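# here are the coordinates; sequence isn't available:
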């Protein structure tokens, strides 16, 4: 796979290419994410030195949880959005990203769909599928 920009359009391109690939490739991508989020991000996206340093500064628990959320989203072919929100109160002649807080939210919904039939004891056919949307928000100020 190619390297993508670390912005919402880049994430969307990566996701589209990933979901159009084989199941085996999607599973290997999940394994790489779960093995080391930092290495996977560095190999999959174009990152600046500051972004790499910031990734190293995140707690292991946060990185592990985020990796699990990304792998879960891929496993269910859910949408992933990267939302960079700026605080433009601090501006100077040379704008530069300075990540202040990173958070994520995940909306997982179990819904009835006709895609995976399951037969109940009463012979009623229904299905269950997990749907969701992972949103990764990065807040930063322009210095």
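Good, I have the coordinates. Model, not experiment: these values are computed from the prediction. Numbering: from 1, shown residues only.
# number of nearby residues for residue 80?
21 (other C-beta atoms under 10 Å). Yep, even glycine has a C-beta here, placed from its N, CA and C like the rest.
# grab the nearest non-local neighbour of it.
Among residues not flanking residue 80 along the chain, residue 134 sits closest, at 4.7 Å (C-beta to C-beta, 6 or more residues apart in numbering).
# over to residue 14?
With sequence-adjacent residues excluded and distances taken as C-beta to C-beta, 6+ apart, residue 14 is closest to residue 4, at 4.4 Å.
# and the one you found, what does it touch?
10, 11, 13, 14, 44, 45, 46 (C-beta atoms under 8 Å, 6 or more residues apart in numbering).
# turn those residues into JSON lines, including pLDDT.
As requested, those are exported to JSON lines (pLDDT from 0 to 100):
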{"residue": "10", "pLDDT": "93"}
{"residue": "11", "pLDDT": "92"}
{"residue": "13", "pLDDT": "95"}
{"residue": "14", "pLDDT": "95"}
{"residue": "44", "pLDDT": "95"}
{"residue": "45", "pLDDT": "93"}
{"residue": "46", "pLDDT": "92"}
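# can I assume the residue nearest to residue 80 sits in a helix?
No - counting by DSSP: H, G, I helix; E, B strand; the rest coil, residue 134 falls outside a helix, being strand.
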